[in-house]
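Undergrad: Mind folding the following:
(2 chains)
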Amino acid sequence: MNSRIATAGNAGPKVRSDCQITIELKPKGGISLDIKSKVKSIYGKSIRTLCLEMLEYFAIRNALVSVDDSGALPVVIMARIEAAVKKITSTGLVFLPEMSKDNLYSTEHDWMRFSRLYLPGNTPGLMINAGLHSARGIILDLEDSVAPDKKEEARLLVRNALRQLDFRGAERMVRINQGETGLKDLEAVIPQNVNMVLIPKCESAEQVRRFDDHIAKISKAMKLKKRVFLMPIIETALGIENCFTIASASPSVVAAAIGLEDLTADMGVQRTAEGTESLYARARLVMAAKAAGIQAIDSVFSDVSDLDTLRKVVIQSKALGFEGMGCIHPRQIRIINEGYAPDSTEIDKACRIDIAFREASEKGLGVVALGTKMIDAPVVTRARRTIETAVRLGLLPDNWRESSPK
Amino acid sequence: MAVKTVMNAAGRKVPLAINGQPAIPFRGVGKHRPSGVKYSPPIPTCADFPSDGNKVVGSLEDALRKCGLKSGMTISTHHHLRDGDLISNRIFEIASGMGVKDLVWFPSASFPCNDPVIRYLSDGTINRIEGSMNGPLGRFVSEGGMKGTAVLRSHGGRVQAIQDGEVKIDIAVLAAPSADAFGNARGTGGSSSCGVIGYGKPDSMYATKVIVVTDNLVDFPCCPMEIEGNYVDCVVVVDKIGVPEKIVSGTTEITKSPDRILIAELTASFLEKTGILQDGVTMQAGAGGTSLAIAVFVHEILKRNGWKSKFGFGGSTKYMVKMLEEGQMGCILDAQAFDLDAVRSVETNPCHIPYPVFNAYNYHSKGNLTSMMDIMILGATEVDLGFNGNVVTHSDGYLLHGIGGWQNCLHARNVILPLPLFRDRIPVIVDEVTTLCGPGELIDVIITERSIAINPLRKDLVRRVKGSGLPIVTIRELKEEAERICGRPEKPEFDDRIVAAIKWVDGTVIDVVRKLKIQKG
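TA: Numbering: from 1, shown residues only, chains lettered A, B, ... in the order given. Sure thing, here's the model as predicted:
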């Protein structure tokens, strides 16, 4: 905060949809603004207006400001300006883009978390169209994919992205940092209708409760009503040993994920495609999760070009009891969604349950049976969720009732 | 000097004269009626040519001198060597050395390898380019660097302009991967094979003088004779006419972008669900990454249904060749081969037939292959609320692409434009295109990664997508979505000076490009 010059954001020949802002405070002379942008002829004026408005808002009256823009959206430019300002001034002010009303949706406790797409938290170009690829969740990552000196600017970028970018119904997730940095991350993102927070390298129930309490505190202060779910990621031997207490640490915990890159490193072994080395850890985590009544979620598969092996890994993972897996590239999403999605037998059964229940209700019957089996309410709920998912994934036409035999 | 302009039928202000020659404003699709007779070059005589048929001269400079190169002439070249072309720049280097000025370069397209001609535009050797302008050349022209006014034509429009005498070629310099001493030439063989050289054919027939340049002199007769020696004045043998790895375009790989793949999938799904794609279909798709992905998805649909495409029209690529070889395509008619597999296929497969643009694209002829095609997949830099398309400038006003066969292809039955909704914050769907290249009445469907808009004129398609589950919206909704994400774009500011004219397929002027005002600060 002592320095008179600060830079935030990224620029360079390979950077797209981002901008780099440099602000140099001056004792006098007003604002001198230099804009270099590939979209200058069509957005030059609006970039200028935005810069001047924000500098005014943050009470910066004398400075040299340069913008090196590669087609950043306004929310990105806002985050970059705010980040640069906060490096050289101490201000409690925040400059928030409008919260899009499309971003106010919720997810539920047992949302089908087949796929969750990791997006590096300081790379806006990857975020803009991330919602188009049918991932069940989108994770804006503030942890490992963000360099230590970029944590602050990434936090503002993620905050703004959560307000403005449309992830099209995907569960809105943020992976926070460990420790104190994680608490600061929560302060920035919890008010932005985050559905779920991922806690990395989780080793104890206390860690979960610390973040959970902090979320409760923020929610109370901001009068936020919606529940924020937690997904601890277990990535160490100690975490595996404690996984049941972690899974049952709070009612907010709805899923537990395993992180195999770190875990195999912690174990001192190589990670293989067959996964023999992590079989015990994975089975143990699945058991702990089921015992705690939550979902077990598998690690990412890191070779984005090898889709055939990914397909096999997913089949094996589903057989072990996992209900979803992380994705590091959009092309993995379809295979993962298809792999964990209900198969044709499950869908067929769900349809028959739904039809039987409807017929029974129409006839005013209290007891519903399918063949020789009784159907109770949770079974119907689950069947309907399977149907809904199948329709959404295109596995079942939305008018399936008309086309299906009674 | 102010040029007199009038409003054409598309509502664009265009000049009545370009580079001192009268110009006809666009009158509407199919409205301009040509009159008169076709252009003819002077009558030659065998008495002026060696009776042994050997027309080989010592160098390109000798040939140019022999053909009487002088200031003000129009020099034509073809673009089959694409970004590996070593001949075009050399012509102007020689001309510059001879002190020749004010040439008109009339290429069938230009590539980044032609950027060095900026030097000859700057030193006065070249007055103007009548052809495509890409990359740095486009920027140079947009910023007013070129002395004359550029004229941009489609591939078919170029043939029309030659045939109708709008452009009189003084010297055609035609690079040929194989040629004999008499001047018969083809696009295959040697180390610079590019498959076909059909774009040079009209030049050979209508130019006053014709020079064939080859690095692979073969014994007479060089067959098939894509260029016939009877039209050729001299033959030049050089070490290399092109850089082989750059002749084969780098664009013939399927896109890796997940967003583009999504567009391709949606396009294939649209074609199938609307019934446009069916047994016996005829189609053309370009060599861009998204088009190639569409070709792959279409191939899968044909296989799954046991269908076969009657023929495909190239620019051919390995993906089209695969359809041919696996039996899902009857034959390929080919105006240019984009990659090595395509070149090999033209060389060896009798069902892969060289088909000059001459026969395919020229609007002033007795029928046109493109209007016989069922499906045409095309790109655009912008499309507006009236479905009008732009392919030559970006929204920032810079000239960055040629027209290629784009305008000609608009005459197909179903013209489909798979496009991203925006590119690096630049919206693709806009209120009004920066430069009009194709009238909206000819553009049927816009497919983006988010949703699809159908031209309301296509009531049949609108009806057929009902209940298909496809994400159909209006073009206005597409535009509004783009602006919601990117912000509403300002208009680039232009000077009055016209730097380029855009011709429609019938030779009328559909629009112009003006010099950009360069913003400061």
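Undergrad: Could you check the pLDDT of the closest residue to chain A within the stretch 51-200 of chain B?
TA: Relative to chain A, the nearest point of the stretch 51-200 of chain B is B:Ser142 (10.5 Å; C-beta to the nearest C-beta). Quick note: C-beta positions are derived from backbone N, CA and C, even for glycine. In this model, B:Ser142 is scored at 93, pLDDT.
Undergrad: From B:Asp495, how far off is it?
TA: Per C-beta to C-beta, to the nearest Å, B:Ser142 is found 11 Å from B:Asp495.
Undergrad: Please identify every residue contacting each of the two.
TA: Common neighbours of B:Ser142 and B:Asp495 (criterion: C-beta atoms under 8 Å, 6 or more residues apart in numbering or on different chains): B:515-516.
Undergrad: Domain parsing of the chain, as residue ranges.
TA: No chain was given, so I picked chain A. Chain A breaks down into these domains under automatic domain parsing: A:5-88, A:101-340, A:344-403.
Undergrad: Chain B was what I was after
TA: B:49-247, B:258-492.
Undergrad: Now render these as CSV, adding mean neighbour count.
TA: Supplementary listing: the domains of chain B in CSV, determined by neighbours: other C-beta atoms under 10 Å in any protein chain shown:
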stretch, mean neighbour count
domain B:49-247, 21
domain B:258-492, 21
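Undergrad: Could you point out which of the ones you listed sits nearest A:Ser219?
TA: Proximity to A:Ser219 (C-beta to C-beta) singles out domain B:258-492 among the domains of chain B, at 29.3 Å.
Undergrad: Over to stretch A:256-270 now: how far is its first residue from its last?
TA: 23 Å (C-alpha to C-alpha, to the nearest Å).
Undergrad: List of residues touching it?
TA: Contacts of stretch A:256-270 (C-beta under 8 Å, 6+ apart): A:198, A:200-201, A:231-237, A:239-240, A:243, A:246-247, A:271, A:275, A:277-278, A:281-282, A:285, A:288-289, A:292, A:294-300, A:302, A:326.
Undergrad: Looking at the residues you listed, which are in helices?
TA: Per DSSP state H, helices hold the following members of the contacts of stretch A:256-270: A:237, A:239-240, A:243, A:246-247, A:281-282, A:285, A:288-289, A:292.
Undergrad: So which residues on chain B come close to chain A?
TA: B:258-259, B:261-262, B:395-397, B:423-426, B:449-450, B:469, B:485-493, B:516, B:519, B:521 (C-beta under 8 Å from any C-beta of the partner chain).
Undergrad: quick one: secondary structure of the nearest residue to B:Ile498 once chain neighbours are set aside?
TA: Residue nearest to B:Ile498 in three dimensions, not counting chain neighbours: B:Val512, with 4.7 Å by C-beta to C-beta, 6 or more residues apart in numbering or on different chains. Classification of B:Val512 by DSSP: H, G, I helix; E, B strand; the rest coil places it in strand.
Undergrad: distance of B:Val512 from A:Lys151?
TA: 52 Å.
Undergrad: Minimum distance to chain B, which residue of chain A gives it?
TA: Closest point on chain A to chain B, by C-beta to the nearest C-beta, is A:Gly71, at 3.2 Å.
Undergrad: show me what contacts the residue nearest to that residue when sequence neighbours are not counted?
TA: Excluding the flanking residues, the one nearest A:Gly71 by C-beta to C-beta, 6+ apart is B:Asp424, at 3.2 Å. Listed by C-beta under 8 Å, 6+ apart, the contact partners of B:Asp424 are A:16-17, A:38-39, A:70-71.
Undergrad: and which of the residues you listed is nearest B:Gly68?
TA: A:Lys38 (45.8 Å).
Undergrad: which residues touch that closest one?
TA: With contact taken as C-beta under 8 Å, 6+ apart, A:Lys38 is in contact with A:69-71, B:396, B:424.
Undergrad: Could you give the backbone dihedrals for it?
TA: phi -70, psi -10 (degrees, to the nearest 10).
Undergrad: Check A:Ile138 too.
TA: Here is the backbone geometry of A:Ile138 (degrees, to the nearest 10): phi -120, psi 120.
Undergrad: Contacts only, for it.
TA: Counting by C-beta under 8 Å, 6+ apart, A:Ile138 touches A:116-117, A:119, A:130-131, A:167, A:170-173.
Undergrad: Quick check: closest non-adjacent residue to B:Ala482.
TA: B:Pro427 (3.9 Å).
Undergrad: my guess is the one you found contacts B:Glu480, does it?
TA: No - in this structure, B:Pro427 is not within contact of B:Glu480 by C-beta atoms under 8 Å, at 10.1 Å.
Undergrad: Do you know the pLDDT at the residue of chain A closest to chain B?
TA: At A:Gly71, pLDDT is 96.
Undergrad: Nearest to A:Ile353 among the domains of chain B would be which one?
TA: domain B:258-492 (24.6 Å).
Undergrad: what about the closest one, how long is it end to end?
TA: With C-alpha to C-alpha as the measure, the ends of domain B:258-492 fall 31 Å from one another.
Undergrad: Any idea how far it is from the middle of the chain?
TA: 14 Å (C-alpha atoms, centre = their mean, to the nearest Å).
Undergrad: which residues touch residue 207?
TA: By default, I'm working from chain A. A:199, A:232, A:246.
Undergrad: not what I meant, chain B
TA: B:41, B:76, B:169-172, B:231.
Undergrad: ok, which pair from these is furthest apart?
TA: B:Asp170 and B:Tyr231 (14.4 Å).
Undergrad: quick one on the thing from earlier: between B:Val512 and A:Lys151, who's got more neighbours?
TA: Between B:Val512 and A:Lys151, counted using other C-beta atoms under 10 Å in any protein chain shown, B:Val512 has the larger neighbour count: 26 against 17.
Undergrad: which ones are touching the more buried one?
TA: B:12-15, B:435, B:498, B:500-502.
Undergrad: In TSV: those, plus pLDDT and secondary structure.
TA: Listed next are the contacts of B:Val512 as TSV, based on pLDDT from 0 to 100; DSSP: H, G, I helix; E, B strand; the rest coil:
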residue	pLDDT	secondary structure
B:Arg12	97	coil
B:Lys13	96	strand
B:Val14	97	strand
B:Pro15	97	strand
B:Thr435	97	coil
B:Ile498	96	strand
B:Ala500	97	strand
B:Ala501	97	strand
B:Ile502	98	strand
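Undergrad: from those, which is closest to chain A?
TA: Of all the contacts of B:Val512, chain A sits closest to B:Thr435, with 13.8 Å by C-beta to the nearest C-beta.
Undergrad: how much space between that closest one and B:Met133?
TA: According to C-beta to C-beta, B:Thr435 stands 12 Å off from B:Met133.
Undergrad: ok, now which ones touch B:Gly148?
TA: Contacts of B:Gly148 (C-beta under 8 Å, 6+ apart): B:19, B:104, B:127-128.
Undergrad: Can I get the residues you listed in a markdown table including secondary structure and pLDDT?
TA: Below are the contacts of B:Gly148 laid out as a markdown table (DSSP: H, G, I helix; E, B strand; the rest coil; pLDDT from 0 to 100):
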| residue | secondary structure | pLDDT |
| --- | --- | --- |
| B:Asn19 | coil | 97 |
| B:Val104 | strand | 98 |
| B:Asn127 | strand | 98 |
| B:Arg128 | strand | 97 |
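Undergrad: A:Met325 and A:Asp298 touch, don't they?
TA: Yes - in this structure, A:Met325 is within contact of A:Asp298 by C-beta under 8 Å, at 4.1 Å.
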